[in-house]
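**Student:** coordinates only, no sequence provided:
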């Protein structure tokens with residue numbers, strides 16, 4: 001707490017104190033690629049904020065093809081989150097969302113964590129193919 005007060009008195013922004021390390025590379029996906037308990041901040045996908053699963057998967061596909069693995073990881077995580085959004089009955093909220101697209105996105109993340117960018121790209125494409133067309 002003393003450090004916080006000292007920083008405030010010196011005019012250091014609080015955001016600078018809480019800033020996590022940043023990285024452009026995928027990491028902390030699974031045990032094989034986790035080198036720290038602190039996951040780095042990843043780049044925002046080109047799809048931006050608050051988009052559809054398809055838009056995030058397209059952004060992941062483009063990032064994977066270009067070798068931007070950190071951006072791809074972030075886009076895949078956002079796609080998985082959007083695919084998991086659903087209504088659930090009361091007292092059943094502890095059950096994970098399921099479905100082929102969610103499984104494929106999860107597998108794509110794991111492939112990325114294992115360093116297999118091509119498999120991650122194939123699984124991302126498969127997840128996109130299973131989504132309803134806009």
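**Tutor:** Structure's in. What do you need? Everything quoted here is computed from the prediction, not taken from an experiment.
**Student:** which secondary structure elements does the helix ranked longest in the chain contact?
**Tutor:** Of all segments of type helix in the chain, defined using DSSP state H, the longest is helix 69-84. When contacts are defined as 3 or more CB pairs under 8 Å, 6 or more residues apart in numbering; DSSP states H and E, helix 69-84 packs onto helix 53-66, helix 100-113, helix 117-129. C-beta here means a position set from N, CA and C on the backbone, and glycine is covered the same way.
**Student:** mind doing that once more with 7 Å?
**Tutor:** Helices and strands touching helix 69-84, as assessed by 3 or more CB pairs under 7 Å, 6 or more residues apart in numbering; DSSP states H and E, comprise helix 53-66, helix 100-113.
**Student:** what's the closest of those to residue 134?
**Tutor:** helix 53-66 (6.8 Å; CB to CB).
**Student:** determine the set of other helices and strands touching the closest one.
**Tutor:** If contacts are counted by 3+ CB pairs under 7 Å, 6+ apart, helix 53-66 sits against helix 69-84, helix 117-129.
**Student:** need the winner for burial among those helices.
**Tutor:** Mean neighbour count (mean count of other CB atoms under 10 Å) peaks for helix 69-84 among those, with a mean of 23.
**Student:** pLDDT of that one, averaged?
**Tutor:** This predicted structure assigns helix 69-84 an average pLDDT of 92.
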